[in-house]
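Participant: Model the following, please.
(chains A and B)
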Protein chains: 2
Amino acid sequence: MTNQLAVGVDLGGTTVKTALIDSGGTVIAQSKLPTLAEVNPPAVIGQIKRAIRDVLPHAAGRTVAGIGIGAPGLIQNPGGIVKSPPNLNGWDEVPLADEIRREFGLRVEVDNDANVAAVAEAKFGAGRTHRDFLFIIWGTGVGGGIILNGEIYRGTTGGAGEVGHISIDHNGLLCNCGTRGCVEAYVGQKYLSKRTAEKVRSSPSSKILELAGGDPERITPLFISQAAEAGDDLAKEVLVEAGTLLGVMIGGVMSTLDFRITVIGGGVSAVGDFVYDAILRSVRNNVQKPLRDGIRIVRAELGNDAGVFGAAGMVL
Amino acid sequence: MTNQLAVGVDLGGTTVKTALIDSGGTVIAQSKLPTLAEVNPPAVIGQIKRAIRDVLPHAAGRTVAGIGIGAPGLIQNPGGIVKSPPNLNGWDEVPLADEIRREFGLRVEVDNDANVAAVAEAKFGAGRTHRDFLFIIWGTGVGGGIILNGEIYRGTTGGAGEVGHISIDHNGLLCNCGTRGCVEAYVGQKYLSKRTAEKVRSSPSSKILELAGGDPERITPLFISQAAEAGDDLAKEVLVEAGTLLGVMIGGVMSTLDFRITVIGGGVSAVGDFVYDAILRSVRNNVQKPLRDGIRIVRAELGNDAGVFGAAGMVL
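Facilitator: As a prediction, the model looks like this:
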């Protein structure tokens, strides 16, 4: 494969980041501008174009394969239409791919954050030696992306990989999506913090509470993780339980797809290795014996850069 | 596509069935011989070859694309190695594809019952107008096959589609596979009959018990289904609950793959339409809103013939 160039765009609620990246993963140029989400869609699209124009000249005459964009909300593909993103004011249905294609005359691909981060890991990160893997974003919610034959798998209507809303208990907690027992309702950052806050009330000596400044409302997975590192038993118990529950869902996906590898990214994925051990044990317990050998749960390698890398990766 | 011919072999514990089938689904010739499973593997392989020889001459000089075989137990692919099938005496690891290829000099494909039945529905049955669907065998256990782009999807080690062992309750019933809350442990024929027998003890006037000759041990899904048709409330309740639980699992798979269609076959799939309605309601409740429209749950169309049709379909 020749060394191609592509522009990756990470459209966030606060900033638009772009990078000109080659297929070896080297960043040639980058830009970062305010999104202007509070203004209106034309203003945001203007900022995206500006940030692309900032990096394009650095191609210095070499061919640019295209522009990839990672966006929040639901993306309708093919078409690259961004639907009702939660953090962008006044966006209903914006045909973002068309807008950008018209401006630059290049191939444009748009996908959601989780799929883009999955592509980043597939092309440049923890998944680069694997043709097939499940990618999980473990953060505020639980999202996912499926890499099949080295490419993102989108399904019939572009909605594949919504693994955070797989039920692990048909009688369980009500998720805000309306389904009972979604794994997100147990291990997503908000729910995890809330459930830990409840537990801390009966274990007020926990290190977790100390790190949160004595206020259960201020508990975050970071504090739980730090408390666990410091030897706090409640913190370890909470995180092992979360890993075990996440593993139930991952086991179900492994039973469906017979994948060997799961890559975990997102804010909560920085937890200690003992949580990854708990996830692995649980996944193995939740698949049939012949599928157990060789299953691996690994950390994502690209943190904040996953957005621009994965976006560029979609067109490389 | 020209009208090709292929031999389909359905290897069961009691009989070996073969059929010479064209790509339009017309049966040119068929044969049925005892498996001789109680003797030894060479005897069984001898019967398979004999049953193939019974139908091959009917090709009458037209090209035969190959031989497909559906076998019980775990199949290692590529290679077509049949591992420890439960109903075949003395089989440890038999390289069945090689044996048959050597004898006839034709392309040979071997796969397990569930995958073969999925291929049958994809090529000749309820899935023939769909590129992607989930196939479920709802019978003694719960098995599955994934049709992706019109072909069976096997996964990394050939084990994909084991959806009967997806957990729908991480604290739930212990399945005989060792996992908690497998959907099979709730709706598989044996478990369903057993749980119904328990419920009937507190509703001795149920029509189910009458159909089972007064013996709770003799309750089968057929009797439950017949009782439901006759208006028995307990029977309806039991089957709606089973459909709802099956739908939790199917919803999880739909969230992962974003498929629109699930085809259900197997012994229990003959239940009334009200059970399919319950499955659909549950699937819709278990996927995100944008995925709900257009989801369909349909009956398999090929009953006992799925084995030979699907086997032939693997090489057509």
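Participant: State the helix or strand in which the most far-flung residue of chain A relative to its centre lies.
Facilitator: No residue in chain A sits farther from the centre than A:Ser205, which is 34.0 Å out by C-alpha atoms, centre = their mean. Following DSSP states H and E, one finds A:Ser205 outside all helices and strands.
Participant: The one 5 residues further on too?
Facilitator: Under the criterion DSSP H and E, the helix or strand holding A:Glu210 is helix A:207-211.
Participant: what's that helix in contact with?
Facilitator: With contact meaning C-beta atoms under 8 Å, 6 or more residues apart in numbering or on different chains, helix A:207-211 is reached by A:196, A:200, A:216, A:219, A:223-224, A:226-227, A:230-232, A:234-235. Any C-beta I mention is one placed from the backbone N, CA and C, and that applies to glycine too.
Participant: try it again with 10 Å
Facilitator: Helix A:207-211 is contacted from outside by A:193, A:196-197, A:199-201, A:203-204, A:215-216, A:218-220, A:222-235, A:238, using C-beta atoms under 10 Å, 6 or more residues apart in numbering or on different chains.
Participant: Next, the buried residues of that helix.
Facilitator: A:Lys207, A:Ile208, A:Leu209, A:Leu211 (16 or more other C-beta atoms under 10 Å in any protein chain shown).
Participant: between those, which is closest to A:Thr63?
Facilitator: A:Thr63 lies nearest to A:Leu211 out of these, by C-beta to C-beta, at 51.2 Å.
Participant: May I have the distance across stretch A:220-234, first residue to last?
Facilitator: 14 Å (C-alpha to C-alpha, to the nearest Å).
Participant: Which residue lies closest in space to A:Gln226, excluding its sequence neighbours?
Facilitator: For A:Gln226, ignoring the flanking residues on the chain, the nearest one in space by C-beta to C-beta, 6 or more residues apart in numbering or on different chains is A:Leu211 at 5.7 Å.
Participant: May I have the beta-bridge partners of A:Asp22?
Facilitator: Counting by DSSP bridges, A:Asp22 is bridged to A:Leu5.
Participant: Does it touch A:Lys123 like I think?
Facilitator: No - contact criterion C-beta atoms under 10 Å: A:Asp22 and A:Lys123 do not qualify, at 11.4 Å.
Participant: Compare neighbour counts for those two and give me the winner.
Facilitator: A side-by-side neighbour count of A:Asp22 and A:Lys123, using other C-beta atoms under 10 Å in any protein chain shown, places A:Lys123 first with 21 against 18.
Participant: Whichever residue of the stretch 51-200 of chain A sits closest to chain B: what's it in contact with?
Facilitator: Residue nearest to chain B within the stretch 51-200 of chain A: A:Gly155 (2.5 Å; C-beta to the nearest C-beta). By C-beta under 10 Å, 6+ apart, A:Gly155 lies in contact with A:77, A:146, A:161-162, B:132, B:148, B:254-260, B:291.
Participant: Check what pLDDT it gets.
Facilitator: The model reports A:Gly155 with a pLDDT of 94.
Participant: so how far is B:Thr244 from it?
Facilitator: Look at A:Gly155 and B:Thr244: by C-beta to C-beta, to the nearest Å, they are 24 Å apart.
Participant: Show residues contacting the helix or strand of chain A with the lowest mean pLDDT.
Facilitator: Across the helices and strands of chain A, mean confidence by mean pLDDT, DSSP states H and E is lowest for strand A:74-76: a mean of 84. The contact list for strand A:74-76, computed with C-beta under 10 Å, 6+ apart, reads A:69, A:81-85, A:93, A:95-97, A:109-113, A:115-116, A:154, A:157-159, B:288-290.
Participant: and it, which strands flank it?
Facilitator: Partners of strand A:74-76 in its sheet, by DSSP bridges: strand A:81-83 (antiparallel).
Participant: got the domain boundaries for chain A?
Facilitator: Taking automatic domain parsing as the domain assignment, the ranges for chain A are A:5-125+A:305-313, A:133-299.
Participant: could you check the angle helix B:233-257 makes with the longest helix anywhere in chain A?
Facilitator: As assigned by DSSP state H, the longest helix anywhere in chain A is helix A:233-257. Relative orientation of helix A:233-257 versus helix B:233-257 (axes from the mean of the first three to the mean of the last three C-alpha atoms, to 10 degrees): 90 degrees.
Participant: I'd like the distance from helix A:233-257 to the chain centre, please.
Facilitator: Distance, stretch centre to chain centre, for helix A:233-257: 17 Å (C-alpha atoms, centre = their mean, to the nearest Å).
Participant: avg pLDDT for that helix?
Facilitator: Mean predicted confidence for helix A:233-257 is 97.
Participant: buried sites along that helix?
Facilitator: By 16+ other C-beta under 10 Å, the buried positions in helix A:233-257 come out as A:234-236, A:238-257.
Participant: swap in stretch A:74-81?
Facilitator: So stretch A:74-81, judged by 16+ other C-beta under 10 Å, has buried residues A:Leu74, A:Ile75, A:Gln76, A:Asn77, A:Gly80, A:Ile81.
Participant: Among the contacts of A:Gly155, find me the one that's closest to B:Ala43.
Facilitator: Looking across the contacts of A:Gly155 and measuring by C-beta to C-beta, the closest to B:Ala43 is B:Leu148, at 37.1 Å.
Participant: Report the contact partners of the closest one.
Facilitator: A:Leu148, A:Tyr153, A:Gly155, B:Ala122, B:Arg131, B:Asp132, B:Phe133, B:Leu134, B:Arg154, B:Ala160, B:Leu257, B:Phe259.
Participant: can we see that at 8 Å?
Facilitator: B:Arg131, B:Asp132.
Participant: Next, it: phi, psi?
Facilitator: Torsion angles at B:Leu148 (phi, psi; degrees, to the nearest 10) stand at phi -120, psi 120.
Participant: pLDDT at it, what is it?
Facilitator: 98.
Participant: Quick check: bridge partners of it?
Facilitator: Bridge pairing for B:Leu148 - DSSP bridges - gives B:Glu151.
Participant: From A:Val253, how far off is it?
Facilitator: 15 Å.
Participant: Same check on A:Gly150?
Facilitator: 18 Å.
Participant: coming back round to it: please point out which parts of the next helix or strand after the helix holding A:Glu210 sit buried.
Facilitator: Next in sequence after helix A:207-211, counting helices and strands by DSSP H and E, comes helix A:221-229. Residues of helix A:221-229 classed as buried by neighbour count (16+ other C-beta under 10 Å): A:Pro221, A:Leu222, A:Phe223, A:Ile224, A:Ser225, A:Gln226, A:Ala227, A:Ala228.
Participant: Would you mind pulling the contact partners of helix A:221-229?
Facilitator: In this structure, residues lying in contact with helix A:221-229 by C-beta under 8 Å, 6+ apart are A:189, A:192-193, A:196, A:206-208, A:210-212, A:234-236, A:238-239, A:267-268, A:270-272, A:274.
Participant: Could you do stretch A:179-193 as well?
Facilitator: By C-beta under 8 Å, 6+ apart, stretch A:179-193 touches A:138-142, A:163-177, A:195, A:219-221, A:224, A:238, A:242, A:245-246, A:248-249, A:267-268, B:169, B:251, B:285-287.
Participant: one more time with 6 Å, if that's ok
Facilitator: A:139-142, A:164-170, A:172-175, A:219-221, A:242, A:245-246, A:249, A:268, B:286 (C-beta atoms under 6 Å, 6 or more residues apart in numbering or on different chains).
Participant: What's the end-to-end length of it?
Facilitator: End-to-end distance (C-alpha to C-alpha), stretch A:179-193: 20 Å.
Participant: Check whether A:Arg30 sits in a helix, strand or coil.
Facilitator: Just so we're on the same page, residue A:30 is Gln rather than Arg. Put simply, A:Gln30 is strand when judged by DSSP: H, G, I helix; E, B strand; the rest coil.
Participant: tell me the contacts of the spatially closest residue to it that is not a sequence neighbour?
Facilitator: Nearest residue to A:Gln30, sequence neighbours excluded (C-beta to C-beta, 6+ apart): A:Ala19, at 4.4 Å. Shown in contact with A:Ala19 (C-beta under 6 Å, 6+ apart): A:Gly8, A:Val27, A:Gln30, A:Val308.
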